[in-house]
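**Q** Have a look; sequence and predicted model below, questions after that.
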Amino acid sequence: KAGVTQTPRYLIKTRGQQVTLSCSPISGHRSVSWYQQTPGQGLQFLFEYFSETQRNKGNFPGRFSGRQFSNSRSEMNVSTLELGDSALYLCASSEGSSYNSPLHFGNGTRLTVT
Amino acid sequence: GEDVEQSLFLSVREGDSSVINCTYTDSSSTYLYWYKQEPGAGLQLLTYIFSNMDMKQDQRLTVLLNKKDKHLSLRIADTQTGDSAIYFCAETPQDKIIFGKGTRLHILP
């Protein structure tokens, strides 16, 4: 089976712009969860989608949003970018929920905000 | 609060055993995970343990769980240069997963 695919691998944006990141899960996995990784804060949970419904959301402002399509592919969007949004964004897919099934991670999208 | 604690760095000589420690906070966690992250990559699941187990062994990896102290450890036997990475433990209280900040394992020749 193909692994989790995230596109693009790298992005450079300026403050105030918006960005959309894409994640294709492993075939058959219905859950996709998103994480922000920074050197200072570590790995922080953004949100989880299961069968097109947002199941859980982390403690991030409303500028961070996501969605999941019927084929389980997911996108996350960040609007009005701030310098502090520079991070590695990881998505993971799992057969069940993110908290009771092993997570399979993509290689991430490195976002730099200037 | 919700905080999974790990030491940030560990240096081990090649061939020795590595022990990475983790302290979690929520005794309701059903699963406790260890993930590995190599440079430029996402996290890779190494192993996990159910909360009703004390120990799990998988080839060179041994996981020990002390529920009373909420302490989890990962032992890597015969550490190799390919084990150089960041190791994350994670707890699963109720309906979420919380990661520690990771332990960077450095292998000395």
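**A** Done, it's in. Residues are numbered from 1 along each chain as shown, chains lettered A, B, ... in the order given.

**Q** show me what contacts the residue of chain B found nearest chain A?
**A** Chain A sits closest to B:Gly42 of chain B, with a gap of 3.2 Å, by C-beta to the nearest C-beta. Heads up, the C-betas are built off the backbone N, CA and C, glycines and all. Contacts here follow C-beta atoms under 8 Å, 6 or more residues apart in numbering or on different chains; on that basis B:Gly42 touches A:Val4, A:Gln6, A:Leu90, A:Ala92, A:Phe105, A:Gly106, A:Asn107, A:Gly108.

**Q** and if you look at B:Lys67?
**A** Applying C-beta under 8 Å, 6+ apart, the residues contacting B:Lys67 are B:Ser27, B:Ser51.

**Q** cutoff 6 Å now
**A** Counting by C-beta atoms under 6 Å, 6 or more residues apart in numbering or on different chains, B:Lys67 makes contact with nothing.

**Q** next one: A:Arg110
**A** With C-beta under 6 Å, 6+ apart, A:Arg110 has these contacts: A:Tyr10, A:Leu88.

**Q** from the chain's centre, how far out does the host helix or strand of it sit?
**A** Taking DSSP states H and E as the definition, one finds A:Arg110 inside strand A:109-113. Relative to its chain's centre, strand A:109-113 lies at 12 Å (C-alpha atoms, centre = their mean, to the nearest Å).

**Q** how about the residues of chain B that lie near chain A?
**A** Taking C-beta under 6 Å from any C-beta of the partner chain as the contact definition, chain B meets chain A at B:Ala41, B:Gly42, B:Leu43, B:Leu45, B:Thr92, B:Asp95, B:Lys96, B:Ile97, B:Phe99, B:Lys101.

**Q** Mind putting those residues into TSV with secondary structure and distance to B:Gln6?
**A** As requested, those are exported to TSV (DSSP: H, G, I helix; E, B strand; the rest coil; distance: C-beta to C-beta, whole Å):
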residue	secondary structure	distance to B:Gln6
B:Ala41	coil	19
B:Gly42	coil	18
B:Leu43	strand	14
B:Leu45	strand	17
B:Thr92	coil	16
B:Asp95	coil	23
B:Lys96	coil	18
B:Ile97	coil	15
B:Phe99	strand	9
B:Lys101	coil	6
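
**Q** circling back to that earlier point, so which of the contacts of B:Gly42 is surrounded by the most neighbours?
**A** A:Ala92 (28 neighbours; other C-beta atoms under 10 Å in any protein chain shown).

**Q** sorry, back to before: any quick ChimeraX command for the buried ones out of the residues of chain B next to chain A?
**A** ChimeraX command restricting the residues of chain B next to chain A to the buried ones, with burial defined by 16 or more other C-beta atoms under 10 Å in any protein chain shown:
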select /B:42,43,45,92,96,97,99,101
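
**Q** Name the nearest of the residues of chain B next to chain A relative to B:Asp3.
**A** Checking these against B:Asp3 with C-beta to C-beta, the nearest one is B:Lys101 at 9.4 Å.

**Q** how far away is B:Lys56 from A:Leu46?
**A** Using C-beta to C-beta, to the nearest Å, B:Lys56 is found at 29 Å from A:Leu46.

**Q** Can you pick out the residue with more neighbours from these two?
**A** The neighbour count for B:Lys56 versus A:Leu46, taken as other C-beta under 10 Å, is higher for A:Leu46 (21 against 15).

**Q** Pull up the gap between the more buried one and B:Leu46, please.
**A** 23 Å.

**Q** and the nearest residue to A:Asp85 once chain neighbours are set aside, how many neighbours does it have?
**A** Nearest residue to A:Asp85 in three dimensions, chain neighbours excluded: A:Val113, at 5.2 Å (C-beta to C-beta, 6 or more residues apart in numbering or on different chains). Neighbour count for A:Val113, taken as other C-beta under 10 Å: 19.

**Q** All good on my end, thank you.
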